[in-house]
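>>> Give me a model of this one.
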Amino acid sequence: MPPRLTPAKVVSSVAIPVVLAPTAVVLVAISVSLELMSEAFVPMSADPFLVVVAADHNGIPKNPRAFLTAPGQAINFHRGTWHGVLAPLSEPGLFAVIDRIGDGANLEEHWFEDQYIIEE
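The predicted structure follows:
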């Protein structure tokens, strides 16, 4: 039986711009719950931002990959997709976040024991 649809909410989120350097480290990944819905991030400026995603391996993110969005590109993560926190590269770092409304947690966090370095 497919999961029941729940209403969505739109909130704005301001993220602190990150500086790309060979020492930038990814520490956390977040997974949209497998039982709920997708999550979208829509930038309120035409600036690209950094996206980090990882494959799921028995409930643990593995092999993280990073990429830059096209200017003004929004991202919609399918439920169960491990992804990093919002990482704008310039100010203002303002996003509309489209998420679900309802009881229960809608994310899981995983802190990597190993450090991952993002390089161009």
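>>> and the closest residue to residue 69 other than its chain neighbours, what is it in contact with?
Spatial nearest neighbour of residue 69, chain neighbours left out: residue 48 (4.8 Å); criterion: Cβ to Cβ, 6 or more residues apart in numbering. For glycine as for every other residue, the C-beta is placed from the backbone atoms N, C-alpha and C. By Cβ atoms under 8 Å, 6 or more residues apart in numbering, residue 48 lies in contact with 68-71, 73, 89.
>>> Can you select the buried ones from those in ChimeraX?
A single ChimeraX command is used to select the members of the contacts of residue 48 judged buried by 16 or more other Cβ atoms under 10 Å:
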select :69
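>>> out of the contacts of residue 48, which are inside helices?
Residues of those located in helices (DSSP state H): none.
>>> got the contacts of residue 48 as CSV, with pLDDT and distance to residue 52 columns?
Formatted as CSV, these follow (pLDDT from 0 to 100; distance: Cβ to Cβ, whole Å):
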residue, pLDDT, distance to residue 52
68, 92, 11
69, 94, 12
70, 95, 16
71, 93, 19
73, 95, 15
89, 86, 13
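>>> Stretch 40-54: which residues count as buried?
40-43, 47-54.
>>> How are the strands of this structure distributed by residue range?
With strands called from DSSP state E, the chain shows them at 8-14, 25-32, 39-43, 49-57, 60-68, 75-77, 82-83, 87-88, 94-100, 107-117.
>>> Out of these, which is the most enclosed?
strand 82-83 (a mean of 22; mean count of other Cβ atoms under 10 Å).
>>> Give me the sheet partners of that strand and which way each runs.
Take DSSP bridges as the rule and strand 82-83 pairs in its sheet with strand 25-32 (antiparallel), strand 49-57 (antiparallel).
>>> Least confident of those strands, on average?
Mean pLDDT is lowest for strand 25-32 out of the strands paired with strand 82-83, coming in at a mean of 54.
>>> Over to stretch 86-99 now: how far is its first residue from its last?
Start-to-end span of stretch 86-99 (Cα to Cα, to the nearest Å) is 14 Å.
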